[in-house]
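Colleague: here is my input, please return the structure:
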Amino acid sequence: MAFLTDDEIHSQPDCWQQAAELLHEVRGLLPVDGERVAFVGTGTAWFMAQAMAAVREGAGMGESDAYVASEFPRRRRYDRIVVLTRSGVTTDINRLLRDVRGQVPTLALLGNFEDAPTAELADAVIDLSFADEASVVQTRFATTALALARAWVGHDLDRVVTEARDALQVRLTDEEVDAEQVTYLGRAWTVALAHEAALKLRQCSQSWSESYQSMEYRHGPIAVAEPGRLVWMLCPTPYGLAERIRQTGATLIECHRDPMAELILTQRLAVGRAMKLGLSPDVPRNLARAIQHDDD
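Modeller: A predicted model of the protein is given here:
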């Protein structure tokens, strides 16, 4: 049976390549070096905002923070706010844009322009509608926004795309799909990818998943590790951690490709696990494609 989510996962390398090619057209809209920037999102877009902030600051381009839209600190001063929204109708994002209009320059990375309030509220917009999705769960829109950011800071997107295509050919094992629990680990900007991988598994398959900074895993969360459970790295494994995980009986999956290519494998696991349980990843329980609620 074909699923929209699976099709969109498989389209990511092409979307990432298109994002890299788009950079020369939109570079002038992106924050300049030295600006203090807040990246803002909700749900999956919040995790990508975290990753984008980390790669920008890590590249020495300026102080960069990330917030979920509903918790943005209105009293904190920023030179620019960058919001990520697939639908353009998310209430918390648009409320923030209204609140700061005329006070802080804003940029929206937007997946849908048609009747989208975000397009009117933001000072500038980058059109990522080529990566928009029909599925409820986000995959390619959010990762395409991150691909654009990585190209912007100088990461080699050609290599990332090549490794992503390879990741689409990897066969998931029965042990991976049958795992009753998965913990995802990352560091620096890939902590956000770990959070996203865990969210996809919960959304698509209603399975128990957790995510942590890799060095923090041994400070408590490792207590849940046991046979039949996975620990999946989205960064190089810290020294000594592999042996410690194996001692618990849990299965360690180490990252030997670009973290975004590795994320594709975790997305595929979420779909595979859903199918194993007789669930549709296209129709996750209790979720809608965009979250709208009454403004205060």
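
Colleague: got the domain ranges for this structure?
Modeller: 4-155, 170-276 (automatic domain parsing).

Colleague: what residue in the protein is the furthest from its centre?
Modeller: Gln247 (30.6 Å; C-alpha atoms, centre = their mean).

Colleague: helix/strand/coil for that residue?
Modeller: helix (DSSP: H, G, I helix; E, B strand; the rest coil).

Colleague: show the pLDDT at it.
Modeller: With respect to pLDDT, Gln247 scores 96.

Colleague: for it, which residues are in contact?
Modeller: Neighbouring residues of Gln247 by C-beta atoms under 8 Å, 6 or more residues apart in numbering: there are none. For glycine as for every other residue, the C-beta is placed from the backbone atoms N, C-alpha and C.

Colleague: how about the helices of the chain, start to end?
Modeller: When assigned using DSSP state H, the helices of the chain occupy the ranges 4-10, 12-26, 44-58, 91-100, 117-121, 140-153, 157-167, 174-178, 190-205, 241-248, 259-276.

Colleague: so which of these is nearest Gly34?
Modeller: helix 44-58 (11.2 Å; C-beta to C-beta).

Colleague: which residues touch that closest one?
Modeller: 31, 37-41, 62-69, 82, 84-86, 137-138, 142-143, 145-146, 149-150, 152-153, 155, 188-193, 195-196, 199.

Colleague: give me the neighbour count for Val125.
Modeller: 21 (other C-beta atoms under 10 Å).

Colleague: how much space separates it from Ala69?
Modeller: Distance, Val125 to Ala69, by C-beta to C-beta, to the nearest Å: 17 Å.

Colleague: quick check, Leu193 in contact with Pro259.
Modeller: Yes - at 5.4 Å, Leu193 and Pro259 qualify as touching, with contact defined as C-beta atoms under 8 Å.

Colleague: anything in contact with each of these two?
Modeller: With C-beta under 8 Å, 6+ apart, Leu193 and Pro259 have common neighbours 186, 234.

Colleague: need the contact list for Ala59.
Modeller: 153-154.

Colleague: revised request: answer the last question for Asp166.
Modeller: Asp166 touches 257, 261, counting by C-beta under 8 Å, 6+ apart.

Colleague: do you know how far it is from Ala151?
Modeller: Distance from Asp166 to Ala151, by C-beta to C-beta: 19 Å.

Colleague: how about Glu8?
Modeller: Taking C-beta to C-beta, one finds Glu8 at 20 Å from Ala151.

Colleague: show me what counts as buried in stretch 88-96.
Modeller: By 16 or more other C-beta atoms under 10 Å, the buried positions in stretch 88-96 come out as 88-96.

Colleague: average model confidence for it?
Modeller: On average, stretch 88-96 scores 94.

Colleague: what does that stretch contact?
Modeller: 40-42, 68-70, 72, 81, 83, 85, 108, 110-113, 116-119, 121, 290-293, 295.

Colleague: filter those to the buried ones?
Modeller: 40-42, 68-69, 72, 81, 83, 85, 108, 110-112, 116-119, 121, 290.

Colleague: show me those residues that map onto strands.
Modeller: Per DSSP state E, strands hold the following members of the buried ones among the contacts of stretch 88-96: 40-41, 68, 81, 83, 85, 108, 110.

Colleague: need the max-distance pair from those.
Modeller: It's Val68 and Leu110 that sit farthest apart of these, by C-beta to C-beta, at 18.0 Å.
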